[in-house]
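In: only geometry, no sequence info:
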């Protein structure tokens, strides 16, 4: 069966450091007509289940553990039997949202997850969060960047567990080295490409945001 990427937008809140903000999140579903993985189970397990449309969910992959990216993960896992996968450096953030549960498995840099015959390579890209990862699917000409890289620049680094020089290093060394035509599918907002973002690295550093 043909592998496809399905896109769902869910709405909820992001909370950290005593503040709460309304957010819309991108949920990405990668698979074929029989099986799939979910990248970032945000806000609405029911909506994600409807988008799966009866397919077997093999894994719930967390790009990082800010609450708006993982709040629906335990409910979705309970209803599907899928394993939740998270980089261990983000466990402190996970525990802020789900103190009584834990992910089922760990993500590691260089790890390859295969769904419907398509490889997703884990790239550890700390900065927005210590355990932030991106998922590179060369066969799909796509990288799923969570909140590490957006259209227009890096993810936010002004809150706990984040660091601007680290995210710049991650983007420069792990993402901008991908082919320029690679589609960047982000955690919020519109998609972009590596080629569109690469020329602006010096501007981001100068802004230092």
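Out: Thanks, I have it. Quick caveat: nothing in here was measured; it's all calculated off a predicted structure.
In: Any regions of this protein where pLDDT drops low?
Out: Scanning the chain for pLDDT under 70 picks out 209.
In: rerun at 50
Out: The chain contains no residues with pLDDT under 50.
In: Do a quick rundown of the helices in this structure.
Out: Ranges of helices in the chain, per DSSP state H, are 45-52, 67-70, 73-80, 91-97, 164-170, 194-197, 201-207.
In: winner for burial among those helices?
Out: The highest mean neighbour count among these, using mean count of other Cβ atoms under 10 Å, belongs to helix 67-70: a mean of 26. Every C-beta, even on glycine, is put in place using the N, C-alpha and C of the backbone.
In: centre of the chain versus that one, how much separation?
Out: Distance of helix 67-70 from the chain centroid (Cα atoms, centre = their mean, to the nearest Å) equals 10 Å.
In: Now do it: which elements does it pack against?
Out: strand 4-16, strand 19-31, helix 91-97 (3 or more Cβ pairs under 8 Å, 6 or more residues apart in numbering; DSSP states H and E).
In: at 10 Å what do you get?
Out: If contacts are counted by 3 or more Cβ pairs under 10 Å, 6 or more residues apart in numbering; DSSP states H and E, helix 67-70 sits against strand 4-16, strand 19-31, strand 83-86, helix 91-97.
In: what residues does it touch?
Out: 10-16, 20-27, 39-43, 60, 62-64, 84, 86, 90, 93-94, 96-98, 103, 129, 132, 146-147, 187-188 (Cβ atoms under 10 Å, 6 or more residues apart in numbering).
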